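J.: What would the 3D arrangement of this be:
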Amino acid sequence: MKRIEPTLTAGKSTKNIKRRKGKTGFGINILGFGSGGGAAVFEAHYLIIAGGGSAGHASGGGGAGGYRTSFGCGPEAACTVQLSYEPGCYTIDVGAGAAGGQGHGAKGSNTNISGTGICFSSTGGGNAGNDGGSGGGTGFHGGAAGSGNEGGYTPPEGNDGGPGSPGHGKPGGGGGAGGVGQPGDGNNKGGVGLTSNITGSCVTRASGGSGADANSGTNPAPAGGGGAGTGPAGSTGGSGSANTGGGGGDGGPTLGSGGNGGSGLVVIRFASNACISVSPGTNSVTTCVGPANDKVATFTVDGTLTVA
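T.: The predicted structure follows:
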């Protein structure tokens, strides 16, 4: 009997998953080989967020890291097919948020899951008019903002940044997982994040960093971990929150400094009958989540998922 491998590439969509014969619901899929026993393949929900883009001085808010999920607690969650895990080890790379400073910031790092039959990624957030998971805003001089969904995924992993406004003297906000960054001729805030309850609690993550605003002391970002923009010359923008993929907040003009992007996150939710472990100890497995007592593996740093 020919064995068909489930494949999921970091390409354009999840439609290329090839499932083996058996049940395809959430939980366990028993695969027969000849007349003998079978191998268990566990299907699991996921949330994967890349590192957020950072900001510089009056160069626009950083874009949120790419946000991909199959599980959410609201209509804004982009539900897609689950990932299938054979027994074995899987490498988890949690994207770092980019470092801010007095330049134009930098792009966040990608987050990846790789192992047997799986190669799955989200794209780091953009900066200063550059593309990313969500795009970076541009400075007060104007120009095109960065585009979101750089990975070309369906559904998209993020949104565009906001353009700056020379007439208003304000940079644009970075794009967020749930909405575009606001332009400089508007409130120039970062784009909104998205909410998921994959861990058992509703948490909003991956909002864009807000642009600087010389007319106010601080320009807060929306919920989701994005950093606040600042106003006065020489001031420092807020950093994105750890493990949210939030974009860095824009720094003030004249030697101001932009905030760092927030680091990414990987959460994988298995059925209760899965036997899983994670390393190193900074990462965790939570049991008895939800009415079906699911098991949730959470990776806040690089690590290994073992499925037995």
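
J.: Look at residue 241 and say how many residues are nearby.
T.: 20 (other C-beta atoms under 10 Å). For glycine as for every other residue, the C-beta is placed from the backbone atoms N, C-alpha and C.

J.: so which strand or helix has it?
T.: Using DSSP states H and E, residue 241 sits within no helix or strand.

J.: quick one: it from residue 287, how far?
T.: 26 Å (C-beta to C-beta, to the nearest Å).

J.: Likewise for residue 180?
T.: Residue 180 is 39 Å from residue 287, by C-beta to C-beta.

J.: So between the two, which is more surrounded?
T.: residue 180 (24 against 10).

J.: so who does that one touch?
T.: Counting by C-beta atoms under 8 Å, 6 or more residues apart in numbering, residue 180 touches 148, 159, 160, 161, 162, 191.

J.: isn't the third one right next to residue 147, touching?
T.: Yes - with contact taken as C-beta atoms under 8 Å, residue 160 and residue 147 are classed as touching, separated by 5.3 Å.

J.: Next, show the common contact partners of these two.
T.: residue 135.

J.: Which one's more surrounded, the two?
T.: Between residue 160 and residue 147, residue 160 has the larger neighbour count (other C-beta under 10 Å), namely 26 against 20.

J.: In which helix or strand does that one reside?
T.: Residue 160 belongs to no helix or strand, assigned by DSSP H and E.

J.: In contact with the spatially most central residue of the chain, which residues?
T.: The residue lying closest to the centre of the chain (C-alpha atoms, centre = their mean) is residue 49, at 2.2 Å. By C-beta under 8 Å, 6+ apart, the residues touching residue 49 are 65-68, 95, 111, 122, 177, 205-206, 243-245, 264-266.

J.: Sketch out the low-pLDDT regions of the stretch 51-200 of the chain for me.
T.: Scanning the stretch 51-200 of the chain for pLDDT under 70 picks out 72-80.

J.: Which residue ranges of it form helices?
T.: Here the stretch 51-200 of the chain has no helices by DSSP state H, counting those that start in this stretch.

J.: Show me which pair in the contacts of residue 180 is furthest apart.
T.: 148 and 162 (11.3 Å; C-beta to C-beta).

J.: Which residues are in contact with each of these two?
T.: 175, 180.

J.: Neighbouring strands - and their directions - for the lengthiest strand in the chain?
T.: When the chain is parsed with DSSP state E, its longest strand is strand 38-49. Applying DSSP bridges, strand 38-49 is found paired with strand 27-32 (antiparallel), strand 67-69 (antiparallel), strand 83-85 (antiparallel), strand 265-270 (antiparallel).

J.: Can you show me the CA trace of it as CSV?
T.: C-alpha atoms of strand 38-49 as CSV (Å, rounded to 0.1, in the frame of the first residue of the first chain):
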residue,chain,number,x,y,z
GLY,A,38,-1.4,1.6,12.2
ALA,A,39,0.4,4.8,12.9
ALA,A,40,-1.3,7.6,14.7
VAL,A,41,-1.3,11.1,13.2
PHE,A,42,-2.6,13.8,15.4
GLU,A,43,-4.3,16.8,13.9
ALA,A,44,-3.9,20.0,15.9
HIS,A,45,-5.0,23.6,15.8
TYR,A,46,-2.3,26.3,15.6
LEU,A,47,-1.5,29.9,16.2
ILE,A,48,1.8,31.1,14.7
ILE,A,49,3.0,34.7,15.0
